[in-house]
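Visitor: After the sequence you'll find the predicted model.
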Amino acid sequence: MRRPWTWWLAWGTWAVTLAMYAAALLIIQIVGYSVATQQNTWAARLALLVAFVAFTTVGALVASRQPRNAVGWMFLGVGLLVALSVFGGEYGNYALVEHPGFAPGGYLASWLYLWTWFPVQALIVTVPMVFPDGRVPGPRWRPVLRAWIVFTLLVVGLWMVRPGPMSDPGEPLRPDNPIGIGALDPLYDHLEAVSSLVLVVFLLLSIASSVLRFRRSRGDERQQLKWMTYGVVVWVIWIPLALALPGDLGDVFFAVTISFLPAATAIAMFKYRLYEIDRVISRTLVYGALTVILGAAYVGLVLAGQALFSSYAGGSNLAIAGSTLVVAALFLPARGRVQRFVDRRFYRRRYDAQRTLEAFGARLRDEVDLGALAADLRGVVTETMQPAHVSLWLREGVQR
């Protein structure tokens, strides 16, 4: 079946976003520190990857299946803008500070770093207003959303032409913005404070619109809004705590906290069947967990084999070959166990239905009473399919 162009756009954006994250991490590895944190720790990298790759992945899943829902594209936008900012900062530092004149595009990269953070915040605070269907809860909220969009574009435009160095205080000094407008320089003394104040006001309005939608909602939509509320509450409580924690612990805690909102959104949209992608999510969980388990087992077996065969010539190759064979033999049994665990934890209804059918099949081999068999069959259909009414028609055979 031919994919629509929106599917290619969603997953193409996802691929570009991950490529920019990977390039930024490579530059950090080469330079020896991050331009944003002035350090090079695995905890900081984990925070970078986990926190915002979650946004772009959830966005791609939603946007590729329901392109008319703005929530998916907003999540994709968050991930892409953060990737532009991170890559722009690291590459701009590499091209203009660490190795001036060695690599092209340093001015463009630093310029992207200059203005991409505010639209990220703007998109995030807008999500509660349009969740879960991608529209505001009523016509009275449309002027509010339009005013917020205009204000965001104005702030972004001003940051694009900010004069002076294309770096923040405390970072390595980079060249001046080539399109900076010096006449606007007095505005920037108050721009950050004003934009932060308006951001907080709109966040409160966005939460108020979500509360109004919740009061009007019923059924699955109410459950979805509960998950979104849970993600926002976690942010409000845990982000200040994460910022107060020192060093690596703060980075990891911040990454986990930021990931709660896309995780809550994914659960709300996928668990309650807003879109029919249960099979995609199930396979992602199964093979993701299977990759982690078998990867850890492979590394452990290789290390143990190298220690065991270290006294033999070619011991390292022997350990790798043996570990590969063991992991290959474990694949199918491990996949079955992981699949049952995922079904039991996340798809309990399907898991219970499968268990019921297996038990019925076992009883069917020993059942000889037609009346008992018919009653048992009706019970199984009622339990697994939950129909409003069950009728069973049996054709009696001719006995000789």
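Guide: Yep, that arrived.
Visitor: distance of the nearest residue to residue 293 once chain neighbours are set aside from residue 291?
Guide: The shortest distance from residue 293 to any non-neighbouring residue, by CB to CB, 6 or more residues apart in numbering, is to residue 334 (6.1 Å). Where C-beta positions appear, they are placed from N, C-alpha and C, glycine not excepted. Distance of residue 334 to residue 291, computed by CB to CB, to the nearest Å: 11 Å.
Visitor: Could you say which helix or strand holds residue 68?
Guide: Using DSSP states H and E, residue 68 is not contained in any helix or strand.
Visitor: Chain neighbours aside, what residue packs nearest to it?
Guide: Closest to residue 68 by CB to CB, 6+ apart is residue 134, at 6.8 Å.
Visitor: tally of neighbours for that neighbour?
Guide: 16 (other CB atoms under 10 Å).
Visitor: what about residue 163, which SS state?
Guide: Under DSSP: H, G, I helix; E, B strand; the rest coil, the three-state class of residue 163 is coil.
Visitor: Which of the three states applies to the nearest residue to it once chain neighbours are set aside?
Guide: Spatial nearest neighbour of residue 163, excluding adjacent residues (CB to CB, 6+ apart): residue 180 at 3.3 Å. Recorded secondary structure, residue 180: coil (three-state DSSP).
Visitor: what's the spacing between residue 301 and residue 118?
Guide: 49 Å.
Visitor: typo on my end, residue 34
Guide: Distance of residue 34 to residue 118, computed by CB to CB: 21 Å.
Visitor: next one: the host helix or strand of residue 77 to chain centre, how far?
Guide: Assigned by DSSP H and E, residue 77 falls within helix 70-93. Relative to its parent chain, helix 70-93 has a centroid offset of 13 Å by CA atoms, centre = their mean, to the nearest Å.
Visitor: coming back round to it: neighbour count winner among residue 334 and residue 291?
Guide: More crowded of residue 334 and residue 291, by other CB under 10 Å: residue 334, with 16 against 10.
Visitor: For the protein, give me the ranges with low pLDDT.
Guide: Applying pLDDT under 70 to the chain flags residues 1, 36-48, 247-248, 271-288, 306-320, 342-390, 392-400.
Visitor: So which residues of it form helices?
Guide: Listed in chain order, the helices of the chain (DSSP state H) span 5-31, 42-65, 70-93, 106-115, 117-130, 142-160, 188-216, 219-244, 247-258, 260-271, 278-308, 315-346, 348-364, 370-385.
Visitor: For those helices, could you give me TSV that also reports distance to residue 171?
Guide: Formatted as TSV, the helices of the chain follow (distance: least, CB to CB, whole Å):
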stretch	distance to residue 171
helix 5-31	13
helix 42-65	15
helix 70-93	8
helix 106-115	10
helix 117-130	13
helix 142-160	16
helix 188-216	16
helix 219-244	19
helix 247-258	18
helix 260-271	28
helix 278-308	36
helix 315-346	43
helix 348-364	50
helix 370-385	61
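Visitor: Tell me which of those lies nearest to residue 176.
Guide: The minimum distance between residue 176 and the helices of the chain falls on helix 106-115, with 9.8 Å, by CB to CB.
Visitor: got a list of contacts for that closest one?
Guide: Applying CB atoms under 8 Å, 6 or more residues apart in numbering, the contact partners of helix 106-115 are 84-85, 87-89, 91-96, 156, 159-160, 162, 166-167, 174-175, 177-179.
Visitor: Repeat that for stretch 72-81.
Guide: So stretch 72-81 is contacted by 10, 13-14, 16-17, 52-53, 55-67, 116-117, 119-120, 123-124, 126-127, 130, 134, 262, 265 (CB under 8 Å, 6+ apart).
Visitor: can we see that at 7 Å?
Guide: Around stretch 72-81, the neighbours that count as contacts under CB atoms under 7 Å, 6 or more residues apart in numbering are 10, 13, 17, 52-53, 55-56, 58-60, 62-63, 66, 116, 119-120, 123-124, 126-127, 262.
Visitor: repeat for stretch 145-157
Guide: Defining contact as CB under 7 Å, 6+ apart, one finds that stretch 145-157 is touched by 115, 118, 119, 122, 126, 129, 136, 195, 198, 202.
Visitor: The second one: how many residues sit nearby?
Guide: Same thing as residue 118. Neighbours of residue 118 (other CB under 10 Å): 19.
Visitor: what residues are up against it?
Guide: Counting by CB under 7 Å, 6+ apart, residue 118 touches 155, 156, 159, 195.
Visitor: can those go into JSON lines with extra columns for distance to residue 25?
Guide: Formatted as JSON lines, those follow (distance: CB to CB, whole Å):
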{"residue": "155", "distance to residue 25": "29"}
{"residue": "156", "distance to residue 25": "26"}
{"residue": "159", "distance to residue 25": "25"}
{"residue": "195", "distance to residue 25": "30"}
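Visitor: just the buried members of those residues?
Guide: Burial by neighbour count, 16 or more other CB atoms under 10 Å: within those this picks out 155, 156, 159, 195.
Visitor: The second one and residue 115, how far apart?
Guide: Okay, so that is residue 156. 5 Å.
Visitor: got a list of what residue 258 touches?
Guide: Taking CB under 7 Å, 6+ apart, we find residue 258 in contact with residue 51.
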